[in-house]
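Peer 1: quick one: sequence plus predicted model below, questions after.
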Amino acid sequence: MDCLGSLLGLVPCLCAHAAEHSVYICDLEENLGVLKKAMVELKNVSEDVKRRVELEEQQHMRRRSVVDSWLHRVEEMENEVTEILQKADEEIQKKCPGCCPRKCCLAYELGKIVIKKISDVIEQKNKGHLEAVSDRIPPYPVDALPMENTVGLDFMYQRVCSYLQDEQMEIIGLYGMGGVGKTTLLKKINNYFLTTDHNFEVMIWVVVSKSASIEKVQEVIRNKLQIPDETWQSRSSKDDKAMQIWKVLKTKKFVLLLDDIWERLDLIQVGVSLQDNQNTSKIIFTTRSEDLFLIQMYKSLLKLLLKRVKTLARWEQAIKELRNFPAKISGMEDELFHRLKFSYDSLQGDTIKSCFLYCSIFLEDCEISINKLVELWIGDGFLAEAGDIYEARVLGRKFIQDLKLACLLEPVETQEYCVKMHDVIHDMALWISSEFGKEKNKVLVYDHAGLFEAQEDARWKEAQRLSLWNTSFEEIKEIDQTPIQFPKLQTFLIRKCKDLHEFPTGFFLFMPAIRVLDLSGASSITELPVEIYNLITLEYLKLSHTKISNLSGELKNLRLLRCLLLDNMYSLRKIPLQVISNLPLLQWFSQWFSAFAGDNVLFDGGSALLEELQSLEHMSDISINLYSDHSINILKNSHKLQRCIRRLCLNACKDLTSLKLSPLSFRRMKHLESLFVKNCLQLEVVEIKVGKERSLQGWFQSLHEVCIWRCPKLLNLTWLMYAESLEYLNVQNCESMEELVSSDDEFEENLSLFSRLTSLFLINLPRLQSIYSHSLPLPSLETISVIDCMMLRRLPFYPNNTAADRLKKITGNQSWWDGLLWEDETTRHTFSKYFSRWQ
């Protein structure tokens with residue numbers, strides 16, 4: 001009985017034990033899922049640890065041994081879990097219909113292993129939450145280099161030491177023949193860091209020598225940087241190793257000493273770059289090759305020569321050659337220009353290539369007006385493939401964008417409508433233009449130079465393009481009374497020569513091939529040299545900004561002239577009758593903001609000039625000032641003139657009280673870009689007879705600039721409703737104007753009004769109360785000036801403040817600003833930061 005009781009007492013224990021162990025079999029699938037999830041979590045922690053290690057190693061820290069052990073154990077554990085999951089999958093495939101595996105013993109053992117492995121994985125994951133994964137490596141020591149006592153190097157040594165303190169001096173080159181002490185000086189500089197306090201983190205000494213390779217230099221640098229073997233060996237190519245070196249160096253302030261360079265060493269391929277290094281690091285090198293020295297130092301020249309004093313003249317000459325024409329330096333073409341030429345060769349078509357090369361006629365790094373550059377391309381015939389001058393301008397601007405994308409032209413940050421050419425690109429363009437250095441005088445660019453000296457005669461005879469900059473009258477001399485000859489010259493530009501008052505007698509006498517003549521930079525000349533009237537090959541003549549008062553009737557000799565530009569010639573008083581009309585190929589005439597007088601084509605407010613322009617078969621681009629009702633009527637009645645007008649100024653039309661235009665007239669004026677109305681003292685209304693045509697589409701499609709000055713009776717500018725492309729609006733001294741754009745019921749609310757407007761100037765409009773009765777998004781507005789418009793109490797900003805997206809400045813009277821009314825306080829606060837007080 002007692003035995004039976006004992007047996008019965010064992011039953012619960014056996015049941016509990018069986019239940020405990022049965023879970024290894026029954027919960028096998030569930031536990032496998034837990035194991036998979038735990039392994040995924042462990043791998044995520046492992047990836048986090050690896051990223052931390054990689055980041056800190058880039059910051060020159062060394063991973064801890066415990067981290068290596070932990071990562072190694074994770075890899076082992078991943079393999080073990082993969083093996084367990086494979087076995088489990090096989091067992092589950094063998095399950096009986098009753099759900100238990102056929103071989104319960106095997107399933108039991110497997111389930112037990114799974115439970116244990118879950119515990120191990122979770123424990124390993126918890127160990128991976130490390131506070132630190134690496135230790136900072138002690139500072140790199142400076143390796144002392146043995147050297148003999150130096151004699152005669154103290155001056156050079158002190159000079160280099162001073163350059164080490166100069167943050168602007170990044171590259172220092174030491175050039176001289178073998179045996180003069182270059183290496184000794186470099187060792188002395190290295191040892192300088194042993195005894196001197198400095199803030200450089202690492203000094204790297206590399207003997208390059210004649211048989212150096214990129215890999216050899218990389219190996220020396222990586223040893224100095226203590227890049228771990230496993231990291232280095234995982235980088236299989238030179239480029240990968242260069243990237244690893246760069247990742248370390250970009251965070252360091254370093255000094256790289258390169259001794260005995262024989263051939264050009266591309267430091268970018270090594271992994272060394274100062275461009276991305278913000279720590280003012282230094283590179284110092286020695287070489288016995290003068291050409292290599294000049295190439296290596298092209299951007300950071302240092303006049304440091306370990307040669308005798310008598311050779312300094314050669315150094316100065318080399319510097320001059322490098323600055324003025326790098327292709328003269330032996331090897332420059334192969335080492336620099338041939339690489340840069342890839343971008344030039346990639347340009348699509350010969351036309352854009354010619355346009356690029358043309359830019360070499362400007363000074364290097366000077367700001368080039370995009371419009372003026374395209375004008376010259378048109379004048380020289382590069383854009384002849386376009387259908388007309390307007391299409392040529394579009395093509396020219398596309399070329400500008402393509403050249404910027406190819407990095408052959410650069411934008412000018414402060415001048416949106418200008419570009420510039422980097423000095424190296426400029427020199428490459430000169431090199432290509434000169435048939436790769438073989439005909440160096442094809443393009444001549446003079447700046448502040450005593451231009452006309454006897455020895456220049458041979459150069460002029462070879463020149464095809466010539467530009468003259470910043471040269472005064474005193475620098476232009478006649479040579480033995482012999483006329484100067486330019487037998488091949490096709491383009492001649494004068495820029496910024498304000499002190500040039502006249503040319504030598506006969507200067508333009510022998511230019512038999514000239515096509516483009518631009519004298520606009522000679523702003524002080526008062527007479528056009530008579531020889532110019534006989535340049536019968538001339539196609540483009542620009543006299544803008546000069547003080548020339550009369551043009552001779554001999555101008556009609558220029559039968560091939562296509563472009564005649566006379567802008568801003570305020571002294572111009574006479575162009576004889578029947579001269580313009582006798583230029584049969586003239587396509588482009590511009591007389592923008594020039595004077596007018598009587599008894600010639602400029603008489604009668606521009607009427608005679610309009611009549612002559614209308615008679616020209618090929619005329620397509622006109623910029624003109626009109627001074628009378630009669631001349632305005634000629635324009636209104638001429639479909640051809642309307643199609644040609646690009647810039648129009650109505651000035652001092654004393655009898656003009658209203659200007660009424662039909663929609664068709666303005667649709668024909670599809671090229672109109674600029675409209676100025678000035679000093680029309682009786683003008684009250686500008687009216688467009690809309691009729692049944694209410695659509696704005698296609699009206700004023702090119703008009704982007706409007707200026708209305710001193711029209712005291714003009715009531716509004718409601719017609720601007722149709723100027724969808726308007727970018728610049730300037731209204732001044734219109735004392736009667738109360739509304740800029742009327743809110744008459746005839747016009748529906750137009751939220752696209754002024755959608756492209758970037759600049760708005762409202763000056764001395766004492767009765768102005770409204771710009772527009774509705775709020776406007778004004779998404780493009782950058783500048784607004786409101787001066788002496790004290791009755792204007794609201795600015796038409798849209799409630800969501802879209803105008804603030806591009807806005808840069810609001811200028812006005814302080815009292816006007818303080819009295820403005822706003823939709824809410826938030827809007828006022830948003831725009832207040834842009835306001836600056838006028839005077």
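Peer 2: Looks like it came in fine. Numbers count the residues shown, from 1 in each chain.
Peer 1: buried residues in the strand or helix carrying Ser631, which are they?
Peer 2: For Ser631, the enclosing helix or strand under DSSP states H and E is helix 629-636. In terms of neighbour count (16 or more other C-beta atoms under 10 Å), helix 629-636 has its buried residues at Asp629, Ser631, Ile632, Ile634, Leu635. Where C-beta positions appear, they are placed from N, C-alpha and C, glycine not excepted.
Peer 1: show me what that helix is packed against.
Peer 2: helix 607-614, helix 639-644, strand 645-651 (3 or more C-beta pairs under 8 Å, 6 or more residues apart in numbering; DSSP states H and E).
Peer 1: helix, strand or coil for the residue at minimal distance from the centre of the chain?
Peer 2: For the chain, the residue nearest the mean C-alpha position is Pro411 (3.8 Å; C-alpha atoms, centre = their mean). Counting by DSSP: H, G, I helix; E, B strand; the rest coil, the backbone at Pro411 sits in strand.
Peer 1: and the gap between it and Arg647?
Peer 2: In this view, Pro411 and Arg647 are 25 Å apart by C-beta to C-beta, to the nearest Å.
Peer 1: just the element for Ala88, please.
Peer 2: Per DSSP H and E: helix 65-93 holds Ala88.
Peer 1: I'd like the next helix or strand past that helix.
Peer 2: Downstream of helix 65-93 (by DSSP H and E), the next one is helix 104-127.
Peer 1: pLDDT of that next one, averaged?
Peer 2: Across helix 104-127, the average pLDDT comes to 79.
Peer 1: packing partners for that helix?
Peer 2: Partner elements for helix 104-127 (3+ C-beta pairs under 8 Å, 6+ apart): helix 2-26, helix 28-58, helix 65-93.
Peer 1: state the mean pLDDT of stretch 421-433.
Peer 2: Rounded mean pLDDT across stretch 421-433 is 87.
Peer 1: would you mark the buried spots in it?
Peer 2: Result for stretch 421-433 [16+ other C-beta under 10 Å]: buried residues Met421, Ile425, His426, Asp427, Met428, Ala429, Leu430, Trp431, Ile432, Ser433.
Peer 1: and of those, the nearest to Thr546?
Peer 2: Proximity of the buried residues of stretch 421-433 to Thr546 (C-beta to C-beta) peaks at Met421, which lies at 26.6 Å.
Peer 1: can you give me the strands in the stretch 551-700 of the chain?
Peer 2: Along the stretch 551-700 of the chain, the stretches classed as strands by DSSP state E, counting those that start in this stretch are 563-565, 588-590, 621-626, 645-651, 658-661, 674-678, 685-688.
Peer 1: kindly report the same for the stretch 301-450 of the chain.
Peer 2: 368-369, 410-412, 415-420, 443-447.
Peer 1: pull up the pairing partners for the last one, direction included.
Peer 2: Take DSSP bridges as the rule and strand 443-447 pairs in its sheet with strand 465-469 (parallel).
Peer 1: just checking, what packs against the helix or strand following the partner strand?
Peer 2: Remark: after strand 465-469, the chain's next helix or strand is strand 491-495, criterion DSSP H and E. Contact here means 3+ C-beta pairs under 8 Å, 6+ apart; on that basis strand 491-495 packs against strand 465-469, strand 516-518.
Peer 1: and those: which comes nearest Glu90?
Peer 2: So among the helices and strands packed on strand 491-495, strand 465-469 is nearest, using C-beta to C-beta, at 83.7 Å.
Peer 1: okay, now the unreliable bits of the stretch 551-700 of the chain?
Peer 2: 595-604, 690-699 (pLDDT under 70).
Peer 1: coming back round to it: now, the buried residues of stretch 421-433 that are in helices?
Peer 2: With DSSP state H as the criterion, helices contain Ile425, His426, Asp427, Met428, Ala429, Leu430, Trp431, Ile432, Ser433 from among those.
Peer 1: make TSV out of these and add distance to Gln682.
Peer 2: Converted to TSV, those look like this (distance: C-beta to C-beta, whole Å):
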residue	distance to Gln682
Ile425	55
His426	54
Asp427	59
Met428	59
Ala429	54
Leu430	57
Trp431	61
Ile432	59
Ser433	56
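Peer 1: specify which member of these is nearest to Ser162.
Peer 2: Nearest member of those to Ser162, counting by C-beta to C-beta, is Asp427, at 30.4 Å.
Peer 1: ok, now how distant is that closest one from Ile361?
Peer 2: 13 Å.
Peer 1: what segments of the stretch 451-600 of the chain are helices?
Peer 2: For the stretch 451-600 of the chain, the helices defined by DSSP state H, counting those that start in this stretch occupy 457-462.
Peer 1: quick one: contacts for Gln766?
Peer 2: One thing to correct before we go on: residue 766 is Pro, not Gln. Contacts for Pro766 were tallied using C-beta atoms under 8 Å, 6 or more residues apart in numbering; they are Glu735, Asp788, Cys789, Met790, Met791.
Peer 1: if we go to 6 Å?
Peer 2: Contacts for Pro766 were tallied using C-beta atoms under 6 Å, 6 or more residues apart in numbering; they are Glu735.
Peer 1: with the one 10 residues further on instead?
Peer 2: Neighbouring residues of Leu776 by C-beta under 6 Å, 6+ apart: Leu753, Phe754, Pro796, Tyr798.
Peer 1: switch to 7 Å and redo it
Peer 2: Leu751, Leu753, Phe754, Pro796, Tyr798 (C-beta atoms under 7 Å, 6 or more residues apart in numbering).
Peer 1: try Arg397
Peer 2: Ile370, Val374.
Peer 1: nearest to Ala144, out of the strands of the stretch 301-450 of the chain?
Peer 2: Per C-beta to C-beta, nearest to Ala144 of the strands of the stretch 301-450 of the chain: strand 410-412, 46.2 Å.
Peer 1: quick check: Met428 vs Phe342, distance?
Peer 2: Distance from Met428 to Phe342, by C-beta to C-beta: 11 Å.
Peer 1: can you tell me how far Leu616 sits from Gln464?
Peer 2: 30 Å.
Peer 1: neighbour count winner among the two?
Peer 2: Leu616 (20 against 17; other C-beta atoms under 10 Å).
Peer 1: what's the neighbour count on the residue nearest to that one when sequence neighbours are not counted?
Peer 2: Leaving out its chain neighbours, the residue that sits closest to Leu616 by C-beta to C-beta, 6 or more residues apart in numbering is Leu586, at 5.4 Å. Other residues within reach of Leu586, judged by other C-beta under 10 Å, total 24.
Peer 1: touching, Leu586 and Arg559? I think so.
Peer 2: No: using C-beta atoms under 7 Å, Leu586 is not in contact with Arg559; the gap is 9.8 Å.
Peer 1: returning to what we had before: ok, of the helices and strands packed on helix 104-127, where does mean pLDDT dip lowest?
Peer 2: The bottom spot among the helices and strands packed on helix 104-127, by mean pLDDT, belongs to helix 2-26, with a mean of 48.
Peer 1: the helix holding Ser631 vs helix 607-614, what angle?
Peer 2: 20 degrees (axes from the mean of the first three to the mean of the last three C-alpha atoms, to 10 degrees).
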